[in-house]
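Q: below: sequence and its predicted model.
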Amino acid sequence: MQSVAIGWYLYDRTGDAMALAYAGLAVFLPIALFSLPGGDVADRVDRRWILGTAHLAQATGSLILVFLTLMRTEQTWPFYAVLAMAGTARAFSAPAVQSLLPFLVPRERFPTAVAWSSSAQQSATVLGPAVGGLIYLAGASASFAACSVASLAVATCWFSIRARGGVAHAPGGGAVYRLLEGLRYLRVNRVLLGAISLDLFAVLLGSITALLPIYARDILSVGPDGLGIMRSSVAVGAVTMGLALAQLPAARQAHAGAMLFTGVAVFGVAALAFGLSRSFLLSLAMLALMGAADMMSVFVRASVVQLGTPDEMRGRVTAVHSLFVGTANELGDFRAGAVAAWLGAMPAVLAGGVATLAVVGLWAWLFPGLRRVERLADVKT
């Protein structure tokens, strides 16, 4: 909801694609700075308290946005400051929430749990952007107020959980040593390195999320409610694929490496089709296909990262994963906005689709072990 509202608000006020690029950069920088420390904290502190505190920060940021819009603030920097605050909260919450799941389910059922968990998250994002676009019709402040209420509810839920937050044990060594340990582990585990870096470069080069406000207003002419539907279409495709993967028995979860590369390749092809589309319905279909393809890669990547990591390092390795994914999303938004400001929205989308396909081919050659992964449950630490 907040992503839709802030994207439309900034672009509608400025008419400048660089405003969207700077919004992505504002979230990217704190994620880049604090994700690794966030992983170390997740290995040392009860994850429930990390997540509850992070969502309280999100609620506070949304309340500040309500104030800024009601005061009709002319400057854009206060909005970027709030987005930086949200990025900081994400830097600490992402490793905590992602590394908690392996402590809750048996190893052989973990891929199925990933599919259910991802589907639940995507189900929320089906409603979020659409509802956010509709609420925005009552004003930007109404959208941000709804975001604050939602974040407060989430924080309350985390603080109310009685089960321990999955702390394996307090890792030894100094702070710098602990932070670098996750990076060292990835260096020697080529399957994990390939899975994470494939997502990093594919999303960095192929992300189009930041350009959806431009397509909604200037190309497809569908308004903020149409923008919400466009954002939700991605989640609809992801949920559909996630539910299908959740029904897949562990014995049939084969050819995982091929599934990962196929998902990223389909994502790139769908991005190319979306960039050329002038039909709202076709654009929605391509966005849904992108969501489904992304869910395929998330299913494999998240399973490989968690199953291939020892318990005592799970927070820090997950932090590296979150750092790569988070920075790719936000820096990818900056890349897309900057290229759109330079060349236009369509060339930015098309260039991203072509680059994504090139990354798939290059990574298939660089990481043959990842390509040959069969059953996810057989991934070794």
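A: Great, that's in hand.

Q: in the helix or strand containing residue 19, what counts as buried?
A: Element membership for residue 19 (DSSP states H and E) is helix 17-42. For helix 17-42, burial by neighbour count (16 or more other C-beta atoms under 10 Å) applies to 17, 19-32, 34-42. All C-beta spots, glycine's among them, are computed from the backbone N, C-alpha and C.

Q: count of neighbours near residue 235?
A: Per other C-beta atoms under 10 Å, the neighbour tally for residue 235 reads 25.

Q: for residue 355, same thing?
A: Neighbour count for residue 355, taken as other C-beta under 10 Å: 17.

Q: repeat that for residue 241.
A: Counted with other C-beta under 10 Å, the neighbours of residue 241 add up to 25.

Q: quick one: the helices in the stretch 101-250 of the chain?
A: Using DSSP state H, counting those that start in this stretch, the helices of the stretch 101-250 of the chain run over 110-136, 140-160, 175-188, 190-206, 212-214, 223-246.

Q: figure out which of those helices is closest to residue 351.
A: Closest of the helices of the stretch 101-250 of the chain to residue 351 is helix 190-206, at 8.1 Å (criterion: C-beta to C-beta).

Q: pLDDT of that closest one, averaged?
A: Across helix 190-206, the average pLDDT comes to 83.

Q: other residues contacting that helix?
A: For helix 190-206, contacts defined as C-beta atoms under 8 Å, 6 or more residues apart in numbering pick out 185-187, 260-261, 264, 267-268, 271, 297, 300-301, 304-305, 308-309, 317, 320-321, 324-325, 327-329, 331-332, 335, 352-353, 355-356, 359-360, 363, 366-367, 369-370, 373, 379.

Q: buried subset of the residues you listed?
A: Buried among these by 16+ other C-beta under 10 Å: 185-186, 260-261, 264, 267-268, 271, 297, 300-301, 304-305, 308-309, 317, 320-321, 324-325, 327-329, 331-332, 335, 352-353, 355-356, 359-360, 363, 367, 370, 373, 379.

Q: which pLDDT value belongs to residue 327?
A: 66.

Q: cool, residue 174 as well?
A: pLDDT, residue 174: 60.

Q: which ones are touching residue 152?
A: For residue 152, the contacting residues are 55, 56, 59, by C-beta under 8 Å, 6+ apart.

Q: try 6 Å
A: Shown in contact with residue 152 (C-beta atoms under 6 Å, 6 or more residues apart in numbering): residue 59.

Q: look up how far residue 141 lies from it.
A: Noted for residue 152: a distance of 17 Å to residue 141, by C-beta to C-beta, to the nearest Å.

Q: swap in residue 272?
A: Separation of residue 272 from residue 141 (C-beta to C-beta): 38 Å.

Q: same check, this time on residue 129
A: Here the criterion is C-beta to C-beta. By it, residue 129 lies 18 Å from residue 141.

Q: compare those two and say which is more crowded by neighbours.
A: Ranked by neighbour count (other C-beta under 10 Å), residue 129 and residue 141 place residue 129 first, with 25 against 19.

Q: distance-wise, check the more buried one relative to residue 96.
A: Counting by C-beta to C-beta, the gap from residue 129 to residue 96 is 25 Å.

Q: now swap in residue 121 and tell me
A: Using C-beta to C-beta, residue 121 is found at 15 Å from residue 96.

Q: quick one, phi psi at residue 76?
A: Per-residue torsions, residue 76: phi -90, psi -20 (degrees, to the nearest 10).
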